[in-house]
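Q: This is a predicted model, with the sequence first.
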Amino acid sequence: MSRVRQLTRNFDPKKYEPEILKFWDEARVYERLREARKGSKRFHFLDGPPYPSSDMPHPGTVWNKIIKDSVLRFKRGEGYDVLDKPGWDTHGLPIEVMTEKALGFTSKKDIENYGIDKFVLKCKELASKNLESMTKHFKEFAVSMDWDHPYRTFENEYIESAWWGVKKIWESGRLYEGERPVHWCPRCETVLSDYEVSESYKDLMDPSIYVKFRVRGSENEYLLIWTTTPWTLPGNVAVMVHPNEKYVKVRVGGDLLILAKARLEAVMKDAGIEEYEVVEEFEGRTLEGLKYEHPLEDLVPVQQRLKDVHRVVLSEEYVTMEEGSGCVHSAPGHGKEDFEVGMRYGLPVVSPVDERGRFTEEAGKYAGLQVREANSIIIEDLEERGALFHRGTVIHKYPVCWRCDTPLIIRTTKQWFVKLTDLREKLLEESGKAKWVPKWGGERRFRDWLLGLEDWIISRQRYWGIPLPVWRCESCGHIEVVGSAKEIEEKAGVKLEDLHRPWVDGVTWKCPKCGGEMRRIPDIMDVWYDSGVSFFASVGYPHRNREAFQEIFPVDFITEGHDQIRGWFFSLLRMGTLLFNQVPYKSVLMHGFMLDEKGREMHKRLGNYVPPPEILKNVARDTFRFFVLTKVPWQDLRFSWKGLKEMERRLSVVWNVYVFATTYLRDRELDQLPPKEELDPVNRWVLSRLHSMMKKVRESMNEYHLHVASNEVLSFLIDDLSHLYLRVARKKLRSKDRSVADQWGRVLFHVLRETLPYLSIFAPLMSEKIYLESFRGENDPESVNFLLLADPDEEMIDPELEDMMEHVRSIVSASGFARSNAGVRKRQPLREMIVVTGNDAVRKAVEVLKDVLITEANVREVRIGEAPADGKWAQADFSEGSVFLNLEMGEEEILGGLARELTRRIQLMRKELGLTIGLERIEVYIQGDEDIRRALEKYYDEIAWDSDANVIKFVSDESEVPGSSFGKEWEVDGRRVFIWVRKVE
RNA sequence: GGGCCCGUGGCUCAGACUGGUCAGAGCGCCCGGCUGAUAACCGGGAGGUCGGGGGUUCAAGUCCCCCCGGGCCCA
């Protein structure tokens, strides 16, 4: 037998939310729920691992976790055994840099002096500390994940899975060591990926110079090049021109300069030269192969070796007419485009710069200088040699290290690559197999970008990361790639406690080819590799959980912000395709960014950042959850205190719906829903709405349209229940006819009870509180989390009836308008309402739902008819017709109105005396005129019932009233009325 | 410079993929009601040429083009 208990009247989430969280924690609700769902159909969610760079998550990250949580709760409600392991992306440069700062280090040398082992342990400590702290914050928002068993990229098991992947790539022939110009941070002394570089460009002031390269064999003919990086000139190998643009030979003083026609005017203006003369004009392509002399030949030894190389080459894609001279100085060692064109022409790669950004011996005079510091010296040298045409400065966007702000350089180094360029088509095809929400996330944003794909540099010259498991023989160069700790043990006889550097660095074994020493190459791996393998490394595959993995691959669902298209979504696709030849996820929900109240990005350093604890101080956890979940997920979300307060008010209405219902329902028997055919149309309507709501929530959650689902639940509770159904129900629930009261009680109970698990997807704390305090029966599970979502039943859905109610709503609304125009209050019962309409559906609605109209419009009679020709009427239109209210007052209306007034006065006095309805009974004495007496006589039962009075006596004199009564004089519709109320002991 | 997204009443946002009851909701404001959800609840009203301009169409917040403003990604 189900019984309902009264719900606390005050909506006080500050009090109950922490209690519920504590209850879940202590009762180990999630652990037991996981246990209970074991063996059911599985839903595999993969958490995109946040980076624990701080002890406090960004509010946007909390949003991210709440999105995930709502999907997880929904799937559990559907009965799935849900994989809900949270992840942490723990390696990489940010943690290293923070650790360096804490220790006061400025270079790799400091770290090596300190000891790599101690340094790596410090990094691990910092990551661990931060992820634990962030976990606490996520838990505060009721994010239900397996927090005790996260996957962390620094764990040995994770590293082993990652190694297995590297080995497999090696075996497939895609892992290679190559030389390539890369973005390099001279402070961190490591390569940076393109992705990392794009993080930050800064405005820097650099020289802007035009340099004359003398055409070999000529007296005074020069190619005029432009550059903002003079330090790359020692690496110059060629000059690029555009084959299809016009070039000119121009006489300036005694020189003949070659440059693009389209740039001529701008260059001369830049150089402040007014007198010049075009002597020849030709296509750029005719310059191909033209040899020139390098102006710093005598100072830079490496340039002397390039005497026969220096010449003009052609490039359509990299020569622009937007800036410069149209003759582009090309240093394949210091530029990706230069490198590409250089490869095409078989040009050598020159990169006389070391890992700290200083020139090497190859650069002769400049050896030992920081490249950027060498700029001015190089310019002076050019000037001395008469090669400088013009010097100026420019402020432009220049890439800096996203961690330490040091301006980056491009230098050519040996790195390990994974060949991808031939996989473009396959990656495109695979990305199309995933379901993208919204569609354009994958179809446009992702696909466009895949077209520009290049091979992937996976090596990094740092310490805190997954070591690249590549060993090479020092004597013969033989390479072995290791796929597990066990392999190391077999090869080297060493059992490692920790697979990180430096411990793994010390492992060596004998080369099977030549007997030389096999040593690990010192690099670690790009962190995008770490998170990219999470779809199998998070479960330890293939060393562990082999069968489980087969079952959960590809994962059902991932979701992250749109910045992760180029990030994690791609890195997963890349690893899935490389290792398993398929995209490793089925559905992707892309969400937006959290912006501040003005629509700007939220940043700690911008000072517009709202720490999660501050949110909790001001609003309920469920409020924040509902606030973010009702917004379209893939759009940026503007944080708003006002919006949060507004949502909190709406949730208090939801709370009140349950408070209201429980005050009526408590202590009734409510188990069975009466048979459908016995139900009042309004009850059939509310059940139809319930099932429509459930259906819509199921469908939209499965489409990951979380905003549709969450709004649907809210609107059902507020618009349908609070605004409409409960108003009608309140009278029926108190009906003296037991069967009516019983029917409405059972329906109301059923509706609210079935709604609870749906509500708990979005507001888990509130629904748990309501469940525990009011709805949970003796044999019910001990937490709302265990409840399954009831299946929508098509049989219960009656679209026609739902439409009818919409019509009734507009009729009620029109009658309210008519009343307010006529100045007749709603309390005043009116004789008759006529609905004039040509719409059959509306006619039917009026017939079927007449009861609603009678109570809501407070009229005695409702009929369909023609517009009345005479009499006193109030009128208003609605979309399908008009309503007319008869304003003529007969005795019935006047006395009925008075009765309502009397009831209201008695209630006010009751309240004033602090006498609670239902608990304390009263006696009432009324003195008034003849109408009052007759109203009391005619409506005695109603007034007594409504005001919960034992007896109401009409008196002609105060002497008839017991002395202990509380008396008051009122004016009712111009009549003087005395009312006395007395508590009955 | 390129790609993608967003720009709807005072505020915050649905609606746009599948042109035609799509001009909506909540808050705020104004007016009113209820008084057994009451430091609650309910009704009504005012308010928008859907960023601007052009185009396609019988018909356009909804499709196309250009411009302006904002965000993200990439150069």
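A: Yep, it's here. Numbers count the residues shown, from 1 in each chain, chains lettered A, B, ... in the order given.

Q: So which bits of the stretch 501-650 of chain A are right by RNA strand B?
A: Where the stretch 501-650 of chain A comes near RNA strand B, counting by Cβ under 7 Å from any atom of the strand, the residues are A:562-563, A:565-566, A:593, A:595, A:599-601, A:630-632, A:634-638, A:640, A:642-643, A:646, A:649-650. The C-beta positions use only the backbone N, C-alpha and C, and glycine is treated the same way.

Q: Return a ChimeraX selection command for the buried portion of those residues.
A: One line in ChimeraX is enough to select the buried ones among these; burial here means 16 or more other Cβ atoms under 10 Å:
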select /A:562,565,566,593,595,630,631,634,636,637,638,643,650
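
Q: Narrow the residues of the stretch 501-650 of chain A next to RNA strand B to those in strands?
A: Using DSSP state E, the members of those that fall in strands are A:595, A:637-638.

Q: RNA strand B: which of these is nearest?
A: For RNA strand B, the nearest member of those is residue A:638. The distance, counting by Cβ to the nearest atom of the strand, is 3.4 Å.

Q: mind listing what that closest one touches?
A: Taking Cβ atoms under 8 Å, 6 or more residues apart in numbering, we find residue A:638 in contact with A:595-597, A:599.

Q: Let's see that with 6 Å instead.
A: A:595, A:599 (Cβ atoms under 6 Å, 6 or more residues apart in numbering).

Q: separation between it and residue A:755?
A: In this structure, residue A:638 and residue A:755 are separated by 29 Å, where distance is defined by Cβ to Cβ, to the nearest Å.

Q: got a pLDDT number for residue A:125?
A: Per-residue confidence at residue A:125 stands at 96 (pLDDT).

Q: is it fair to say it lies in a helix?
A: Yes: going by DSSP: H, G, I helix; E, B strand; the rest coil, the assignment for residue A:125 places it inside a helix.

Q: Which element, helix or strand, includes residue A:924?
A: strand A:922-927 (DSSP states H and E).

Q: What is that strand packed up against?
A: When contacts are defined as 3 or more Cβ pairs under 6 Å, 6 or more residues apart in numbering; DSSP states H and E, strand A:922-927 packs onto strand A:949-954, strand A:975-983.

Q: Strand partners (parallel or antiparallel) of the last one?
A: Looking back up the chat, that one is strand A:975-983. strand A:922-927 (antiparallel), strand A:966-972 (antiparallel) (DSSP bridges).

Q: Over to the shortest one?
A: Paired strands of strand A:949-954, with direction, are strand A:922-927 (parallel) (DSSP bridges).

Q: for whichever helix or strand comes after the strand it pairs with, which positions count as buried?
A: Towards the C-terminus, the helix or strand next in line after strand A:922-927, according to DSSP H and E, is helix A:930-938. Of the residues in helix A:930-938, those with enough neighbours to count as buried (16+ other Cβ under 10 Å) are A:931-932, A:934-936, A:938.

Q: and if you look at stretch A:885-895?
A: Quick answer for stretch A:885-895 (16+ other Cβ under 10 Å): A:885-887, A:889, A:893-895.

Q: For that stretch, measure first residue to last.
A: The first and final residues of stretch A:885-895 sit 18 Å from each other (Cα to Cα, to the nearest Å).

Q: Check stretch A:85-105 too.
A: End-to-end distance of stretch A:85-105 (Cα to Cα): 36 Å.

Q: Which residues does it contact?
A: A:47, A:49, A:51-53, A:111, A:122-123, A:126-127, A:131, A:145-146, A:150-154, A:403, A:464-465, A:527, A:530-531, A:534, A:538.

Q: Quick one: mark the members of those that sit in strands.
A: Applying DSSP E to the contacts of stretch A:85-105, the entries found in strands are A:151-152.

Q: Any of the contacts of stretch A:85-105 buried? List them.
A: Buried subset of the contacts of stretch A:85-105 (neighbour count, 16+ other Cβ under 10 Å): A:47, A:49, A:51-53, A:111, A:122-123, A:126-127, A:131, A:145-146, A:150-154, A:403, A:464-465, A:527, A:530-531, A:534, A:538.

Q: which residues does the residue in the stretch 801-950 of chain A positioned nearest to RNA strand B contact?
A: With Cβ to the nearest atom of the strand as the measure, the residue in the stretch 801-950 of chain A that lies nearest RNA strand B is residue A:827; the distance is 2.1 Å. Remark: with contacts taken as Cβ under 6 Å, 6+ apart, residue A:827 is in contact with residue A:900.

Q: SS state for it?
A: Each residue gets one of three states, and residue A:827 gets coil by three-state DSSP.

Q: quick one: it from residue A:901, how far?
A: If you measure residue A:827 against residue A:901 using Cβ to Cβ, the figure is 7 Å.

Q: now residue A:388
A: Taking Cβ to Cβ as the measure, residue A:388 and residue A:901 are separated by 100 Å.

Q: re the thing from before, of the helices and strands packed on strand A:922-927, which approaches residue A:789 most closely?
A: With Cβ to Cβ as the measure, strand A:949-954 is the member of those nearest residue A:789 (45.2 Å).

Q: Between helix A:930-938 and the closest one, find me the angle.
A: With axes from the mean of the first three to the mean of the last three Cα atoms, to 10 degrees defining the directions, strand A:949-954 sits at 150 degrees from helix A:930-938.

Q: Quick check: buried residues in strand A:949-954?
A: By 16+ other Cβ under 10 Å, the buried positions in strand A:949-954 come out as A:949, A:952, A:954.

Q: repeat for stretch A:664-683
A: Counting neighbours by 16+ other Cβ under 10 Å, the buried set in stretch A:664-683 is A:664-665, A:668, A:670, A:674, A:679-683.

Q: what does stretch A:374-387 give?
A: Neighbour counts over stretch A:374-387 (16+ other Cβ under 10 Å) mark A:374-375, A:378-379, A:381-382, A:385, A:387 as buried.

Q: Am I right that residue A:964 is in a helix?
A: No: secondary structure assignment (three-state DSSP) places residue A:964 in coil, not in a helix.

Q: Nearest residue to it in space, please, no chain neighbours.
A: Ranked by Cβ to Cβ, 6 or more residues apart in numbering and with sequence neighbours excluded, the top spatial neighbour of residue A:964 is residue A:982, at 5.9 Å.

Q: Beta-bridge partners for the one you found, please?
A: In this structure, residue A:982 has the following beta-bridge partners (DSSP bridges): residue A:923.

Q: For the stretch 51-200 of chain A, give me the ranges with low pLDDT.
A: Scanning the stretch 51-200 of chain A for pLDDT under 70 picks out A:194-200.

Q: thinking again about what came up before, and the buried residues of strand A:949-954, which is closest to residue A:71?
A: residue A:949 (53.7 Å).

Q: host element of the closest residue to residue A:629 other than its chain neighbours?
A: Excluding the flanking residues, the one nearest residue A:629 by Cβ to Cβ, 6+ apart is residue A:710, at 4.3 Å. With elements delineated by DSSP H and E, residue A:710 resides in helix A:706-715, which encompasses its position.

Q: Mind checking if that helix is in reach of RNA strand B?
A: Yes: for helix A:706-715, a contact with RNA strand B is found by Cβ under 7 Å from any atom of the strand, at A:707-708, A:711.

Q: Please pick the buried ones from the residues you listed.
A: Buried positions within the residues of helix A:706-715 next to RNA strand B, assessed by neighbour count (16+ other Cβ under 10 Å), are A:707-708, A:711.

Q: so residue A:762 sits right up against residue A:711, yeah?
A: No: because the distance of 9.7 Å does not satisfy Cβ atoms under 6 Å, residue A:762 is recorded as not touching residue A:711.

Q: and the stretch 251-400 of chain A, which residues reach RNA strand B?
A: With Cβ under 7 Å from any atom of the strand as the criterion, the stretch 251-400 of chain A meets RNA strand B at residues residue A:397.
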